[in-house]
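*Asks:* got a structure for you, letters missing:
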C-alpha cells in the first residue's frame, strides 16, 4: 500500500566544469511558487542521533523502479504510530528529535521553513544540485543497476521528492532521525522512500548502493564529520557524486565579509543574535557548525575521493540591490523570510544557554525588524562542495587528520560604531575589486539600495591548505 510505514533494522571522468552551480534551462513549476504560502535558514535538517542504537524506521512507498537499495522492513501501519512514540522530545514548546547535538526543531513549522529554504536555494542555483553535468552523468538512464540517490538529513523531504520527480527511473532514499512532518503518501513519488535512522551509525548495508549522495545542512548533528565522509564514500558506486551543502551562520556584506558583532542595542541585531547562537553551540561542545571550513581539505586527503571542488555563493536577504529581476526579488524575499523564521527555531537553544526569555524575544524581534524593514543589506552565504568517488577499493580512515583548529570567527565592532550594511546612510565599498568608497543614498526601507552586488562566488579548486 502506498505510504506504508515499516521498521527496519540497522546494526566519469575528472571534474572539468568551472560552473559548479548553473542550470539555465531550469524553470520553477507553479507548485514550487505556491510553497511560500505553506510556510524560512542558515542551518537546517535534523540529520542524526548520537547514541549507538541500531534501530531505525522506514517510511516507504513501493516503487515502480525495482529496488537496488536494501531495506529490511516490517510494516506497522502509519507514521503516527511511531512518530511521537520514541522519536521526539519537547523543549520550550517545540518538538525536537532525540539527538543531543542537533538543536533545531523537527516539527511541522520547521519543515515548512525548510521547504521555503529549499525553494530559495533551488531557484538561486537554477537547479536542485551543484555541478550539473557531474550529477546528470552519474544518474544517466539505462545503467545496471539503475541509478539511486541518498539524501542524508532529508529534513522536510522536499529535495528527495523533487529529485525523484526529476529522475523517475532512479530510486531515492531520504534519511533522517524523524520522518518528514508535512509529507503524505499522496505527495511521495513511487520511486522515493524515507528512512528514519542515525547517520552516525554504520552505512555498511548501503555498500556501493548510490550514484549520488546529498548532505545539506546536517553538520551539527554529525559527531565526527571527517569519519562520516569515509563512511559515506562506502555507499557510493565508482564515479558516484558526493554533494555537500551548508549555510554559514553569519551575515555577509557586499564584499563577502561577515558583519562584525556589535553591542546589544547598536545597529546589527541580526548578527548579534546569530553570534549568540553560534556561542550557544560552542557552549554545548558542538563544534560541528565549523566543519565546512575543513571540507575541501578533508576531501582532498581522503583516499576514496577525487577532484573535490568547493564554492561559496551569496544570496541577498531582501530586494535591496538595484536592478534585480523579478526572480531575484522573489528569491531574496524567500531567503529573508527563511532567515527571520530560523531565529524562532534558535530560541530553545538560546534559552538552554541561560539567556532570559525576555532578552531572547527582544533579540529575535529586533533582528526580524531589521530583515523585514530592509534595515540590513546583507547576504546569506552558502557553501557547496562536490567530490567524485574514485574507482579504487574503499579505504577506511586510519587516524584523523591533524589540522589546526578553526572557527567561524566574527570580529567584534567597537561600541558605538556603525556596521557596514546595517542602515541606508552608511559608507560601503562599491565593489569587491578594491575600488573606492561611496555613500549610498538615504531611501525608504521599502526601497533600500546599495552601490554594488556581492561577488558571484568564491571557488576553491583542489586547494591545498595547511
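*Replies:* Noted; the coordinates are in hand. These numbers come from a predicted model, not from an experiment.
*Asks:* please count neighbours and contacts with C-alpha atoms only from this point.
*Replies:* Will do.
*Asks:* quick one: list the elements packing against the helix or strand containing residue 195.
*Replies:* Using DSSP states H and E, residue 195 sits in strand 192-196. Strand 192-196 sits against strand 55-59, helix 158-166, strand 171-176, with contacts defined as 3 or more C-alpha pairs under 8 Å, 6 or more residues apart in numbering; DSSP states H and E.
*Asks:* please identify the deepest-packed of these.
*Replies:* strand 171-176 (a mean of 29; mean count of other C-alpha atoms under 10 Å).
*Asks:* just the angle between that one and strand 192-196, please?
*Replies:* 30 degrees (axes from the mean of the first three to the mean of the last three C-alpha atoms, to 10 degrees).
*Asks:* low pLDDT regions in this protein?
*Replies:* Low-confidence segments of the chain, defined by pLDDT under 70, are located at 1-85, 88-89, 91-92, 95-103, 106, 265-267, 285-287, 407-466.
*Asks:* just the helices in it please.
*Replies:* 30-33, 80-83, 108-125, 132-138, 158-166, 225-235, 269-283, 295-300, 326-352, 357-372 (DSSP state H).
*Asks:* next, format those helices as JSON lines and append distance to residue 390.
*Replies:* Output for the helices of the chain, formatted as JSON lines (distance: least, C-alpha to C-alpha, whole Å):
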{"stretch": "helix 30-33", "distance to residue 390": "35"}
{"stretch": "helix 80-83", "distance to residue 390": "38"}
{"stretch": "helix 108-125", "distance to residue 390": "26"}
{"stretch": "helix 132-138", "distance to residue 390": "13"}
{"stretch": "helix 158-166", "distance to residue 390": "24"}
{"stretch": "helix 225-235", "distance to residue 390": "9"}
{"stretch": "helix 269-283", "distance to residue 390": "35"}
{"stretch": "helix 295-300", "distance to residue 390": "12"}
{"stretch": "helix 326-352", "distance to residue 390": "35"}
{"stretch": "helix 357-372", "distance to residue 390": "44"}
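*Asks:* these: which one's closest to residue 319?
*Replies:* Taking C-alpha to C-alpha, helix 326-352 is the member of those nearest to residue 319, at 5.2 Å.
*Asks:* measure the closest residue to residue 273 other than its chain neighbours to residue 250 for me?
*Replies:* Excluding its sequence neighbours, the residue lying closest to residue 273 (C-alpha to C-alpha, 6 or more residues apart in numbering) is residue 363, at 6.1 Å. Distance, residue 363 to residue 250, by C-alpha to C-alpha, to the nearest Å: 15 Å.
*Asks:* before we move on, what about residue 387?
*Replies:* Per C-alpha to C-alpha, residue 387 is found 25 Å from residue 250.
*Asks:* go on, residue 278?
*Replies:* Separation of residue 278 from residue 250 (C-alpha to C-alpha) stands at 9 Å.
*Asks:* more neighbours: which of those two?
*Replies:* Remark: of residue 278 and residue 250, residue 250 carries more neighbours, 25 against 22, as counted by other C-alpha atoms under 10 Å.
*Asks:* please tell me how far the residue nearest to residue 273 sits from residue 348.
*Replies:* Plainly put, residue 363 is 13 Å away from residue 348 if you go by C-alpha to C-alpha.
*Asks:* what's around residue 359, how many residues?
*Replies:* Neighbours of residue 359 (other C-alpha under 10 Å): 12.
*Asks:* cool, residue 170 as well?
*Replies:* 29.
*Asks:* measure stretch 254-261 end to end?
*Replies:* Note: stretch 254-261 ends 17 Å apart using C-alpha to C-alpha.
*Asks:* any idea how many residues pack against the residue nearest to residue 273?
*Replies:* 22.
*Asks:* quick one, what contacts it?
*Replies:* 269, 270, 273 (C-alpha atoms under 8 Å, 6 or more residues apart in numbering).
*Asks:* turn those residues into TSV, columns for neighbour count and distance to residue 329.
*Replies:* Formatted as TSV, the contacts of residue 363 follow (neighbours: other C-alpha atoms under 10 Å; distance: C-alpha to C-alpha, whole Å):
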residue	neighbour count	distance to residue 329
269	26	23
270	29	21
273	23	25
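*Asks:* for residue 202, state which of these is nearest.
*Replies:* Distance to residue 202, by C-alpha to C-alpha, is smallest for residue 273 among those, at 36.2 Å.
*Asks:* separation between residue 381 and residue 148?
*Replies:* Per C-alpha to C-alpha, residue 381 is found 29 Å from residue 148.
*Asks:* oh, that last question was meant for residue 283, not what I typed.
*Replies:* For residue 283, the distance to residue 148 (C-alpha to C-alpha) stands at 39 Å.
*Asks:* same check on residue 169?
*Replies:* 9 Å.
*Asks:* the more surrounded of these two?
*Replies:* Taking other C-alpha under 10 Å, residue 169 and residue 148 do not tie; residue 148 has more neighbours (28 against 20).
*Asks:* and that one, bridged to which residues?
*Replies:* residue 171 (DSSP bridges).
*Asks:* any idea how far it lies from residue 262?
*Replies:* Using C-alpha to C-alpha, residue 148 is found at 47 Å from residue 262.
*Asks:* ok, residue 386 next?
*Replies:* 35 Å.
*Asks:* so which of the two has more stuff around it?
*Replies:* Comparing residue 386 with residue 262 by neighbour count (other C-alpha under 10 Å), the higher total belongs to residue 386, at 27 against 23.
*Asks:* hmm, that one is touching residue 243, no?
*Replies:* Yes. Residue 386 is within contact range of residue 243, at 4.9 Å (criterion: C-alpha atoms under 8 Å).
*Asks:* and for the two, which residues touch both?
*Replies:* Overlap of the contact sets of residue 386 and residue 243 (by C-alpha under 8 Å, 6+ apart) consists of residue 130.
*Asks:* burial of residue 121, as a residue count?
*Replies:* Neighbour count of residue 121, defined by other C-alpha under 10 Å: 18.
*Asks:* for it, what are its contacts?
*Replies:* 128, 331.
*Asks:* let the chain start at 53 from now.
*Replies:* In the new count, where the first residue is 53, that last one comes out as residue 173.
*Asks:* what's the spacing between it and residue 408?
*Replies:* According to C-alpha to C-alpha, residue 173 and residue 408 sit 34 Å apart.
*Asks:* which parts of stretch 180-196 are buried?
*Replies:* Neighbour-count burial for stretch 180-196 flags 180, 181, 182, 183, 184, 185, 186, 187, 190, 191 (criterion: 16 or more other C-alpha atoms under 10 Å).
*Asks:* among these, which two are most distant?
*Replies:* For these, the maximum inter-member distance is 14.5 Å, found between 180 and 190 (C-alpha to C-alpha).
*Asks:* returning to what we had before: go through the contacts of residue 415 and name the one nearest residue 145.
*Replies:* Closest to residue 145, out of all of the contacts of residue 415 and judged by C-alpha to C-alpha, is residue 325, at 20.3 Å.
*Asks:* residue 262 contacts residue 204, correct?
*Replies:* No. The criterion here is C-alpha under 8 Å, and residue 262 misses it with residue 204 at 11.9 Å.
*Asks:* state which strand of the chain is the longest.
*Replies:* strand 288-304 (DSSP state E).
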